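Chemist: Got a predicted structure plus its sequence, pasted below:
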Amino acid sequence: MRTGNITRVSGSIITVTGIKDIQLGEIVEAGDERLIGEVIWANIDDFTVQVYEPTTGLKPFESVVATGKKLVAELGPGLIANVLDGIGRPLELIRDQKGPFLTRGIKANSLSRNKRWHFDPSVNVGQKVGEGDILGEVKESRMVPHKIMVPPGVLGTVTEIKSGNFTVDETIASLENKKQEVQIKMMQEWPVRFPRPTGQRLSLEKPLITGQRVVDVFFPISKGGAACIPGGFGTGKTVMLHQTAKWSDAEVIVYIGCGERGNEISDLIADFPKLKDPYTGLPLIEKTILIANTSNMAVAARESSIYEGITIAEYYRDMGYNVALMADSTSRWAEALREISGRLEEMPSEKGYPAYLPERIAGFYERAGRVETLGKPDREGSVTVIGAVSPPGGDFNEPVTIDTLRFTGVFWALDAELAYSRHFPAINWLRSHSLYRRQLTASWAKSLSDHAKEVEKWWGEKVPGFAQLRSTALNLLSESAEIESIAKIIGESALPDDQRLILATAELLKEGFLRQSAYDDADSFCPPYRQVLLLEMMLDFYQKAKVLVDKGVKAEKIVDLPIIIKMKRVKVAKEGEKAILELGREVREVLNTIGKDFGIEFRNGGVVSIA
């Protein structure tokens, strides 16, 4: 046993002497309670450890034991529907054994060593296999069949393959490589700070459907992409992440609560078993893994929670799944880095953050991607990363926000004014952007037309006109913002009729399309085909109304129509698409009634006839 002694304690940082062959990144156990820590700095005579548990009461001369292991994630059946802390300990198991309060020095495996899983093999004795090859399958949940894979760096000829019920640490297969036997278990371990190996990285051309109109239509994110959600307090970052976790078409969800309030994680744990996945009808918890390192837990563990989550996401990606990871919030992670750096007495950069902050942020977001996985059969998988940023005072010019924007392809800027006016999601459509938009617009039809789902076929057929719809809507919103600044000076009544129509249409888009209630059963999730129908109806109204205004119809006669209120409210209609189509016909009839006095008639397909 390699042991040393504590010589200094500074918050979560301790200095240790007495172990000469210590490795950077090695896990140690400190003090009488054996608190878990990781070596982050090493010298000839001593080394520094960040402790992942509260260090209150820890004192010099207490012993430290080196384990010889790295900080690893346990990967195998049993992760789905599990709630882990920042270093991979299952919180529900700890609660059952120790009570509701997390005490120090607890040792618990991420995966149960007692539960038995039924393994169905898919390879035969004598077959050659390599890293990433699928050996068989375990039914982890009804939504996620768990593929048991050959670990990275392992290859050989199958000499034994078993079938039946096994625990995760029992041997299910044996391989022979150069006369050496390798035993395969259902569980793997992987060091969390190193990306798992992959094959070729693929282009980001498949959209992640979130069910949120402002995202899917205006600022889409691709499967394998990375998004940043910055916003001040109360602007709806957490609700936006919850909505994406609940309704996205990802096959596996990894949600990291990094330094956030415990009640938010509690809400997730309580809600997900009750909510139904819109694509399968099964409970959402059956495709979800939660990493909980809340604000009352040790600061140092926040730093590791991000890596624990992304490693688990990569593991399910390697099975061929599309994984969505939500991190709430990366600002708390950066604050943990700042605190640790300060206790190490490192030279700070802007706002006190360490100089290596951009490198750490890049290392995290660059682990997103869509890839060809290792092994047979051939498969694709993706990890989509969505990180919330909590800039102090809503200042987007602070270091964490700026550095995050450098490495993400989507920027969903949350606006305090929109939030305070109760417009949610409070994504500012003038400040936000998506670098994936052009790739997706060109590729959706091709990438989705091969899928069997009827909705996706319908979406593919709609794509040719989709780019024009989106562009028209954004242009209207942009023009409206300019007109509003003029109206504040001269008054709206002094504006020309065409500009008043633009203001009315922009208001219709904001209220009837962009605004979406997370607490309305009919509006919380909006399928893509309903999104397009809504937008088509509103823009069709504008185009026809513009013809009338150009022919001399006063703007008041159009902007005060009661049918506009119906268009704003049809999004919550339980009849869904049927209600939108019927309202579209009603809108056309109302505009035809106005147009009769001017010799104008609107026919099906948007054809305008002037008598």
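Modeler: Looks like it came in fine. Residues are numbered from 1 along each chain as shown.

Chemist: How about the contacts made by the residue nearest to Ser329 when sequence neighbours are not counted?
Modeler: Excluding the flanking residues, the one nearest Ser329 by Cβ to Cβ, 6 or more residues apart in numbering is Ala388, at 4.1 Å. Bear in mind the C-beta positions are built from the backbone N, C-alpha and C, glycine included. Ala388 sits next to 229-231, 237-238, 240-241, 326-331 when contact means Cβ atoms under 8 Å, 6 or more residues apart in numbering.

Chemist: Can you get me the centre-to-centre distance for the helix or strand containing Ala388 and its chain?
Modeler: Here Ala388 sits within strand 380-389, counting by DSSP states H and E. Centre-to-centre, strand 380-389 and its host chain are 5 Å apart (Cα atoms, centre = their mean, to the nearest Å).

Chemist: Give the pairing partners of it; include direction for each.
Modeler: Strand pairing for strand 380-389, using DSSP bridges, gives strand 226-230 (parallel), strand 322-328 (parallel), strand 369-372 (antiparallel).

Chemist: Alpha carbons only: can I get that strand in CSV?
Modeler: Extracted C-alpha coordinates of strand 380-389, given in CSV (Å, rounded to 0.1, in the frame of the first residue of the first chain):
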residue,chain,number,x,y,z
GLU,A,380,-23.4,5.7,-36.9
GLY,A,381,-23.9,7.6,-33.7
SER,A,382,-23.9,11.1,-32.4
VAL,A,383,-23.5,13.2,-29.3
THR,A,384,-25.2,16.6,-29.3
VAL,A,385,-24.1,18.9,-26.6
ILE,A,386,-26.2,21.8,-25.3
GLY,A,387,-24.7,23.9,-22.6
ALA,A,388,-26.3,26.6,-20.5
VAL,A,389,-24.2,29.6,-19.6
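
Chemist: any idea of the mean pLDDT in that strand?
Modeler: Per-residue pLDDT over strand 380-389 has a mean of 96.

Chemist: CA atoms only for stretch 171-187, dumped as CSV, please.
Modeler: Coordinates of each C-alpha in stretch 171-187 appear next as CSV, following Å, rounded to 0.1, in the frame of the first residue of the first chain:
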residue,chain,number,x,y,z
THR,A,171,-17.4,-13.0,-17.7
ILE,A,172,-19.7,-13.4,-20.7
ALA,A,173,-17.0,-14.1,-23.4
SER,A,174,-13.4,-15.0,-23.8
LEU,A,175,-11.1,-14.0,-26.6
GLU,A,176,-7.7,-15.4,-27.6
ASN,A,177,-5.0,-13.0,-29.0
LYS,A,178,-1.5,-14.2,-29.5
LYS,A,179,-2.1,-17.2,-27.1
GLN,A,180,-3.2,-14.8,-24.4
GLU,A,181,-6.8,-15.0,-23.1
VAL,A,182,-8.9,-11.9,-22.6
GLN,A,183,-12.1,-12.1,-20.6
ILE,A,184,-15.0,-9.8,-21.6
LYS,A,185,-17.5,-8.6,-19.1
MET,A,186,-20.7,-6.5,-19.6
MET,A,187,-19.0,-3.6,-17.8
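
Chemist: Mind listing what's buried along it?
Modeler: Residues 172-175, 184-187 are the ones in stretch 171-187 that count as buried (16 or more other Cβ atoms under 10 Å).

Chemist: The residues you listed in strands, which ones?
Modeler: Counting by DSSP state E, these place 172-175, 184-185 in strands.

Chemist: With pLDDT and distance to Tyr279 as extra columns, can I get these in CSV?
Modeler: Shown next, in CSV, are these (pLDDT from 0 to 100; distance: Cβ to Cβ, whole Å):
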residue, pLDDT, distance to Tyr279
Ile172, 96, 31
Ala173, 96, 33
Ser174, 96, 39
Leu175, 95, 37
Ile184, 96, 32
Lys185, 96, 32
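
Chemist: still on that earlier bit, tell me what the residue nearest to Ser329 is bridged to.
Modeler: With DSSP bridges as the rule, Ala388 is bridged to Ile229.

Chemist: For it, give its distance to Gly211.
Modeler: Relative to Gly211, Ala388 is positioned 18 Å away (Cβ to Cβ, to the nearest Å).

Chemist: got it, and Glu74?
Modeler: 32 Å.

Chemist: same deal with Gly491?
Modeler: If you go by Cβ to Cβ, the gap between Gly491 and Gly211 works out to 39 Å.

Chemist: which of those two has more neighbours?
Modeler: Gly211 (22 against 9; other Cβ atoms under 10 Å).

Chemist: Enumerate every residue touching that one.
Modeler: 243, 247-248, 278, 524-527.

Chemist: The same query, at a cut-off of 10 Å, please.
Modeler: Gly211 makes contact with 243-244, 246-249, 278, 516, 523-528, 530-531 under the criterion Cβ atoms under 10 Å, 6 or more residues apart in numbering.

Chemist: how close does it sit to Phe513?
Modeler: 14 Å.

Chemist: Now do the shared contacts for these two.
Modeler: In contact with both Gly211 and Phe513: 526, 531, using Cβ under 10 Å, 6+ apart.

Chemist: can you give me the strands in the stretch 1-150 of the chain?
Modeler: Secondary structure of the stretch 1-150 of the chain (DSSP state E, counting those that start in this stretch): strands located at 2-10, 13-17, 26-30, 35-42, 46-51, 63-70, 72-75, 83-84, 117-121, 128-129, 134-139, 145-149.

Chemist: before we move on, back to that, kindly reformat the strands paired with strand 380-389 as CSV and extend each row with mean pLDDT, mean neighbour count and distance to Arg302.
Modeler: What follows is these, written out as CSV (pLDDT from 0 to 100; neighbours: other Cβ atoms under 10 Å; distance: least, Cβ to Cβ, whole Å):
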stretch, mean pLDDT, mean neighbour count, distance to Arg302
strand 226-230, 95, 28, 18
strand 322-328, 96, 27, 11
strand 369-372, 96, 20, 24
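
Chemist: Those strands: which one's closest to Asn428?
Modeler: Closest to Asn428 of these, according to Cβ to Cβ: strand 226-230, at 10.5 Å.

Chemist: Against which helices or strands is the longest helix that the chain contains packed?
Modeler: Longest helix of the chain, by residue count under DSSP state H: helix 454-490. In terms of contacts (3 or more Cβ pairs under 10 Å, 6 or more residues apart in numbering; DSSP states H and E), helix 454-490 is packed against helix 437-448, helix 497-509, helix 528-550.

Chemist: Is Thr384 bridged to anything, and to what?
Modeler: Under the criterion used (DSSP bridges), Thr384 bridges to Ala324.

Chemist: That one and Ser174: what is the separation?
Modeler: Counting by Cβ to Cβ, the gap from Thr384 to Ser174 is 37 Å.
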